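Q: Got a predicted structure here, sequence first:
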Amino acid sequence: MAGGEWAGHRRPLAPVARIVGCGLLVLLGGCSGGAPSTLDPAGTGARRVEGLWWLLFWISVVVFAEVMALLAWALVFRRRPDRRISRVEPTRFVVVAGAGVPFVILLAAYGVGLRDLAALRQPESPPAVTVDVTGHKWWWEVRYAGVDGATANEIRIPVGEPVRVRLRTVDVLHSFWVPQLMPKTDLIAGKVRETWLRAERPGEYRGQCAEYCGLQHAHMALQVVAQPRAEFDAWLARLAAPAATPDSDAERRGQQAFLQGTCVACHTVRGTAATGTVGPDLSTLGARWSLGAGAVPNDGGHLGGWIVNSQTVKPGNAMPPQPVDAAALPDLIAYLESLR
Ligand code: CUA
């Protein structure tokens, strides 16, 4: 098409194109593969939220259509001033349609919201499992009541059972959110907040800190893994046991490098002299889904990069660059990846 036709002020479609373009961008924003969606619920709490979402959506659609119809009606009759329009008494119309009807609709929606809030407060049956989740800048410490062990950025739960989640923070506000399982619960300093999770089917559900908490807020993800009860019990027993011992020479050398280095000041590996509590417990590091709370995949290459200088991966995190001897790095990686 010749450029001249689009030049100057004769571009009647330009605003429409912009609006459509923006709309498409918004729609495509929801297309990133694997993004957890409240509209794809897999848990009791999220299912209720989904119901409320659709109710509000359809109310909005009906109200929007009605307003557009009235607008069209007004435009048509403004051009043909006959008597019909004056039959409607303007003040009564504004009071009823502009205030009365919206009030009734909003009150009803509020009532449904309150009902859902009350229903979400407690699960239908008392939870048998309690998880203690502590928010740190920027990772999640995960412990199980009655179990002496910890993991990070992953919560395993038995499928089909309600699980109590107690939430604390050691620094700023965070918000615990697993969109496919449960709505958000804020973590507030000095308080213990409570929520619960119940997954209807086995699977991995991504969670995310939903309250801006500083530079790496976006890299404060977690994964909830719902698995059959027997598998969960086996995993929990593993969590409580001492960490795996080295199997190969490389792993043994790696363990030595780990225990003689600065790592032990901040990290725990159960059954060894490493008992630091500043950073995540590494006893099952090799089995975790990511490094840095969703910052990078958990594999040897990324782990090496993380150890040497995690600041290039997740700037601002609490772990300073480590002066690791290049020759010792592969052993250190081998040891840490063997902790499963
Ligand atoms: Cu923690 Cu955002």
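A: Ah, there it is.
Q: what's around Leu215, how many residues?
A: 12 (other C-beta atoms under 10 Å). Quick note: C-beta positions are derived from backbone N, CA and C, even for glycine.
Q: try Glu211
A: The burial count for Glu211: 18, using other C-beta under 10 Å.
Q: Ala109 too?
A: For Ala109, using other C-beta under 10 Å, the count is 14.
Q: name the element it belongs to?
A: helix 101-121 (DSSP states H and E).
Q: Now do that helix: which elements does it pack against?
A: helix 44-79 (3 or more C-beta pairs under 8 Å, 6 or more residues apart in numbering; DSSP states H and E).
Q: now the angle between helix 101-121 and the helix it packs on, please.
A: For helix 44-79 against helix 101-121, the angle by axes from the mean of the first three to the mean of the last three C-alpha atoms, to 10 degrees is 170 degrees.
Q: Pull out the buried positions in helix 44-79.
A: Neighbour counts using 16 or more other C-beta atoms under 10 Å place 44-46, 48-50, 52 of helix 44-79 among the buried residues.
Q: Including distance to the ligand and pLDDT, could those residues go into CSV?
A: As requested, those are exported to CSV (distance: C-beta to the nearest ligand atom, whole Å; pLDDT from 0 to 100):
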residue, distance to the ligand, pLDDT
Thr44, 25, 92
Gly45, 20, 92
Ala46, 20, 94
Arg48, 24, 93
Val49, 20, 93
Glu50, 24, 95
Leu52, 24, 94
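Q: what about this protein, any weak spots by pLDDT?
A: Along the chain, the model assigns pLDDT under 70 to residues 1-17, 19-34, 78-88.
Q: Can you show me the strands along it?
A: Secondary structure of the chain (DSSP state E): strands at 129-136, 139-144, 150-152, 154-158, 163-169, 174-178, 182-187, 193-197, 203-209, 221-227, 290-291, 296-297.
Q: Just say which of those strands is most tucked in.
A: Comparing the strands of the chain by mean neighbour count (mean count of other C-beta atoms under 10 Å), strand 174-178 comes out on top with a mean of 25.
Q: Same list (the strands of the chain) but as CSV, adding distance to Val112.
A: Listed next are the strands of the chain as CSV, based on distance: least, C-beta to C-beta, whole Å:
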stretch, distance to Val112
strand 129-136, 29
strand 139-144, 32
strand 150-152, 38
strand 154-158, 28
strand 163-169, 25
strand 174-178, 21
strand 182-187, 15
strand 193-197, 20
strand 203-209, 25
strand 221-227, 27
strand 290-291, 37
strand 296-297, 41
